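Visitor: requesting a structural model of the entry that follows:
(2 chains)
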Amino acid sequence: MPRVGVIVNPIAGMGGPLGWKGTDGHAQADLLAAGGAARAHERMTQALVQLRPVEGLIVETAAAGMGELAARSAGLTYRIAYTPGRGETTAMDTRRLAAWLSDSGVDLIMFAGGDGTARDVLEAIGSTTAVLGIPAGVKMQSGVFATGPAVGGALATAFLAGAAQTINAEVVDLDEALYAQGVVASRLAGYLRVPQRRGDLQGSKVRPESDPTSVAGIGEEVVRRMRPGVVYVIGPGTTAKAVMDALELPGTLLGVDVVLDGGLLQKDTSARSLEAAIDKREHAIVVSPIGGQGYVFGRGNQQISPAVLERTAKNSISIVATLAKLATLQGRPLRVDTGDAALDHRFAGFARVVTGVGRDVVYPIGT
Amino acid sequence: MTSARTPSETPAFHQARWSEPLIMTLGSPGRRGVMPPRTSEKVAGNLKEALAAVPPDLRRSEAPDLPELSQPEVVRHFTRLSQMVLGANVAVSLGLGTTTMKYNPVIHELITRSSKLADIHPEQDAETIQGTLEIIYRLGEYLSAISGMDRFSLQPGGGSQGILSNALTMRAFHAARGEDSVRDEVVTTIFSHPADAAAPAMAGYKVVSLYPDERGFPSLAALEASLSERTAGLFITNPEDTGIFNPEIDRFVQAVHDVGGLCVYDQANANGSLGIVRARDVGFDMCHFNLHKTFAVPHGCMGGAVGAVGVTEDLAKYLPTPTVTFDGDRYSVTASTPESIGTLRAWFGNVHSIVKAYAWITTMGAEGLKTAARMSVLNNNYLSKAITSIPGAGVSFAAANHTPRLEQTRYTWEELTAGTGVTSTEIHDRVLDFGVQTYFTSHHPWVVPEPFTLEPAESYSLEDLEEYASVLRAVATEASLDPMLVRTAPHRGAVAHHVVPSSPTEPAMTLQAFKRRRASKASP
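Guide: All right, here's what the predicted structure looks like:
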């Protein structure tokens, strides 16, 4: 019998209408006092309604606002697997519930929340169980979310029927405390296993790292274009890591590596070490935009600092992405946000994006 | 009011569904469909001599493993299979955008089955097939007049091979100037046919694809960003899959010429521009037509197609061979020329397709071709009005581009999907339940979300258009009221669900391969 775990972050999205950047670190009482309205459970209800036709479905969830409410509103059979402590629920409750659901072997975990919730789920379960995000947060940069509740519910139904497979999708972790002060400090937190409909690559619009064969092709192509004596800075993410794989070097999935003449110069480097590595040497940078958002620099790869970028010629930057990943941008330009407007402006225009063996796409970069 | 059939008026459609085994498993040893008379002794004697000439290692040692069936069993088998196909003879197929499904006159079948064509052989002496050579030659002349190009070859067996021919011609041109090693990139667009990237890649080129801007086609600035001394040329479709005509096409051609590249117009589907825009007049150096699209030749199920390639006088020497030439009196065959890119397939190409296209052009006449183009654009815009009145359906790039689309339109179900969870792929499968051919979604990548692409060519009637629009309207309504009904479709088709293979090696294309696959799965 199909079993689906449901997690609702009851305060997700409440800060949005208030003009807050997010709700991490905020108490529910503050949000309610400020006039925030709970909407996450409604979003989850809209998604779960789509699961009504699934025969024998059992929802495993937590009491009250963490899922029970949504499962009941949607008219589904549910079991309370976890009861949070008295008072408000916290990120710890999300993590505990996610871990329990994963350990109990549910077929799929659906959560309603934002990037913070995705990060909590990731920390609790890694890539063990398939997960699908129902968007309910203030801002969502991670690629684990369906485009809307109904689409998410339909995708979950397809997955339970065996008509969808899973892909690895990015979870992006943004420091909300800094973000609220206008400083963007995000990193790639990791990857969750997310359902994607078979034969329908962009159908779900969860942001795909996509087809592994084309990612591997990108790695081969970048290596083919490498020149001796040039220092190559390889950014984070699975697409860029394919370059390390093609070089048969141990890469850092979430960090920045440096290679020279086919050998590893620095692994998981810092801004300072990187600046030293390129000092007085010809260098090039290989980066992949964050799926769905299109940031090439300034999000998730701050090790490649403005000081490095200032010394990098535009044509020494190889942007790598599959066609499927570019399609998730829906025509929006790639973006650069280094915190230095003049530097950002230097990258504006058109860039060549390596999309496979012998294949480039000319794509606009805005600022 | 027209007499269009609407889904509510149509008695519930259901396709035939036979439990029909593979023909290899039917019949019984010794059973025969036809019993031919015994060969005369004289013929048998001659045959023995001929067989003796076949080298021993090429001779078959045992009889071929063929199915043994009676004639009624064979007729029944194939009739049943044909009933499980929703082909153009039983269903309106205007949904298959980008493929230019139009009426293929039945009289063309009679002409091409005539013994004057069916019983000749390309190796016959040219003197004995003057009529066929004349048709091949004159069709080339017609296509030159239609495109403005100077010379045509009808040899390529399909659109992709036509593009490959043009890519090889491009290489030959640059090689003759000693620039082949420097000029290693071709430029195309995301919405041009994927073969405009794939065929040049097969010819050894790196491919740079341009993304559309908010108007639905690439800006001149994007093109200029892609051009350099490495540019060998441009391969572009116009209008692209979206039905949007790039109005800056002449400036595109100029920009590519300015860096020393050649320009190739992919006119596989020329239905919207036939008799209105000529490739050469825009400045293109090469083009190709799919006779099996625009020129009313049936799509051959991987069979008889022609990707006719046209080039300027300067490039004519590179065309594939053999070619048919005319000295003012007699037609003759030139087997090879020193600078030709070579032979892409045996003999002159698919001659039956050539004859059908020739018959269509001569029947239509110059004005008729122009009328076909205008009717196809009118049909498309009439249909577009009906489709956009369906809640949840929209035209791609409509926000920033209000110009009417030409002969086809890429639409989007994005709004419907957001509201119902039902995707374009699922609607695609449900359409079949109404007894019309389903639609084409889009080539990959899906730049337009939840896409579908319709192309009502000139030969569809007003009733056909309204029937198709009413089917889509009915399915969109179902998506809102009963999404599961749509998501589990088709319900009334011959095949319950299509299976998308997970890898190119998964499908078994022959019985032998199927048996091997099954054996390897059975054993641990």
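Visitor: pull the CA atoms of stretch A:319-330 into CSV?
Guide: Provided in CSV are the C-alpha atoms of stretch A:319-330 (Å, rounded to 0.1, in the frame of the first residue of the first chain):
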residue,chain,number,x,y,z
ILE,A,319,29.5,28.6,-18.1
VAL,A,320,28.2,25.0,-18.2
ALA,A,321,24.6,23.9,-18.1
THR,A,322,22.4,21.3,-19.8
LEU,A,323,19.7,22.5,-22.2
ALA,A,324,17.1,21.3,-19.7
LYS,A,325,18.6,23.4,-17.0
LEU,A,326,18.6,26.5,-19.2
ALA,A,327,15.0,25.8,-20.1
THR,A,328,14.1,26.1,-16.4
LEU,A,329,15.0,29.8,-16.6
GLN,A,330,12.0,30.3,-18.9
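Visitor: state the mean pLDDT of the host helix or strand of A:G190.
Guide: Using DSSP states H and E, the element containing A:G190 is strand A:186-197. Average pLDDT, strand A:186-197: 83.
Visitor: parallel or antiparallel, which strands does that strand pair with?
Guide: Using DSSP bridges, the strands paired with strand A:186-197 are strand A:164-174 (antiparallel).
Visitor: buried residues in the strand it pairs with?
Guide: A:164, A:166-174 (16 or more other C-beta atoms under 10 Å in any protein chain shown). For glycine as for every other residue, the C-beta is placed from the backbone atoms N, C-alpha and C.
Visitor: and the two most separated of these?
Guide: Using C-beta to C-beta, the two most remote members of those are A:A164 and A:L174, lying 28.1 Å apart.
Visitor: so how far is A:P236 from A:D344?
Guide: Distance, A:D344 to A:P236, using C-beta to C-beta, to the nearest Å: 20 Å.
Visitor: residues from chain A in reach of chain B?
Guide: Within chain A, the positions adjacent to chain B are A:50, A:53, A:147-148, A:150-155, A:157-158, A:197-203, A:205, A:323-324, A:326-327, A:330-331, A:349-350, A:352, A:355, A:358-364 by C-beta under 8 Å from any C-beta of the partner chain.
Visitor: what subset of these is buried?
Guide: Neighbour-count burial (16+ other C-beta under 10 Å) is assigned, among the residues of chain A next to chain B, to A:50, A:147-148, A:150-155, A:157-158, A:197-198, A:200-203, A:205, A:323-324, A:326-327, A:331, A:350, A:352, A:355, A:358-364.
Visitor: comparing A:D344 and A:P236, which shows the higher neighbour count?
Guide: A:P236 (25 against 20; other C-beta atoms under 10 Å in any protein chain shown).
Visitor: my read: that one touches A:L253, true?
Guide: Yes: the pair A:P236 / A:L253 is scored as a contact, 7.0 Å apart, by C-beta atoms under 8 Å.
Visitor: common neighbours of the two, please.
Guide: A:L188 (C-beta atoms under 8 Å, 6 or more residues apart in numbering or on different chains).
Visitor: which residues does B:K102 contact?
Guide: By C-beta under 8 Å, 6+ apart, B:K102 lies in contact with B:271, B:296, B:457-459.
Visitor: ranges for the helices of the stretch 251-367 of chain A?
Guide: Assigned by DSSP state H, counting those that start in this stretch, the helices in the stretch 251-367 of chain A fall at A:271-278, A:306-310, A:323-327, A:341-347.
Visitor: mean pLDDT lowest for which of the ones you listed?
Guide: Among the helices of the stretch 251-367 of chain A, helix A:323-327 scores lowest, at a mean of 85.
Visitor: show me how far that helix is from its chain's centre.
Guide: Relative to the centre of its chain, helix A:323-327 is centred 15 Å away, using C-alpha atoms, centre = their mean, to the nearest Å.
Visitor: for that helix, packing partners?
Guide: Judged by 3 or more C-beta pairs under 8 Å, 6 or more residues apart in numbering or on different chains; DSSP states H and E, helix A:323-327 is in contact with strand A:349-356, strand A:359-366.
Visitor: next, format those strands as JSON lines and append distance to B:S226 and mean pLDDT.
Guide: Below are the helices and strands packed on helix A:323-327 laid out as JSON lines (distance: least, C-beta to C-beta, whole Å; pLDDT from 0 to 100):
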{"stretch": "strand A:349-356", "distance to B:S226": "8", "mean pLDDT": "94"}
{"stretch": "strand A:359-366", "distance to B:S226": "5", "mean pLDDT": "94"}
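Visitor: got those strands as CSV, with distance to B:S353 columns?
Guide: Below are the helices and strands packed on helix A:323-327 laid out as CSV (distance: least, C-beta to C-beta, whole Å):
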stretch, distance to B:S353
strand A:349-356, 33
strand A:359-366, 32
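Visitor: which one of those strands lies nearest to B:R60?
Guide: strand A:349-356 (44.7 Å).
Visitor: can you list the residues of chain B near chain A?
Guide: When proximity is defined as C-beta under 8 Å from any C-beta, chain B approaches chain A at B:190, B:197, B:201, B:205-214, B:218, B:221-223, B:225-226, B:417-425, B:444-447, B:449-450, B:483-484, B:487, B:500, B:502.
Visitor: any of the residues you listed buried? List them.
Guide: Buried among the residues of chain B next to chain A by 16+ other C-beta under 10 Å: B:190, B:197, B:201, B:205-213, B:218, B:222-223, B:225-226, B:417-425, B:445-447, B:449-450, B:483-484, B:487.
Visitor: go through these and flag which are in helices.
Guide: B:197, B:201, B:222-223, B:225-226, B:417-420, B:424-425, B:483-484, B:487 (DSSP state H).
Visitor: farthest pair in those?
Guide: B:A225 and B:M484, at 47.3 Å, using C-beta to C-beta across these.
Visitor: in the stretch 201-350 of chain B, what residue is nearest chain A?
Guide: Going by C-beta to the nearest C-beta, chain A is nearest to B:A225 of the stretch 201-350 of chain B, at 3.6 Å.
Visitor: stretch B:60-71: which residues count as buried?
Guide: Buried residues in stretch B:60-71, defined by neighbour count with 16+ other C-beta under 10 Å: B:67, B:69.
Visitor: with only the CA atoms kept, save that stretch in CSV.
Guide: Extracted in CSV, the C-alpha atoms of stretch B:60-71 (Å, rounded to 0.1, in the frame of the first residue of the first chain):
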residue,chain,number,x,y,z
ARG,B,60,22.2,-19.9,-48.0
SER,B,61,22.6,-23.4,-46.5
GLU,B,62,19.1,-23.6,-45.0
ALA,B,63,15.8,-22.1,-45.9
PRO,B,64,14.9,-18.7,-44.4
ASP,B,65,12.8,-18.7,-41.2
LEU,B,66,9.7,-17.2,-42.7
PRO,B,67,6.1,-17.3,-41.3
GLU,B,68,3.9,-19.8,-43.1
LEU,B,69,0.3,-18.5,-43.5
SER,B,70,-2.7,-18.7,-45.7
GLN,B,71,-3.7,-15.6,-47.7
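Visitor: what residue ranges in the chain score low on pLDDT?
Guide: Assuming you mean chain A. A:14-38, A:138-139, A:174-186, A:198-213, A:291-292 (pLDDT under 70).
Visitor: please refer instead to chain B.
Guide: Across chain B (using pLDDT under 70), the flagged ranges come out as B:1-11, B:300-303, B:496-506, B:521-524.
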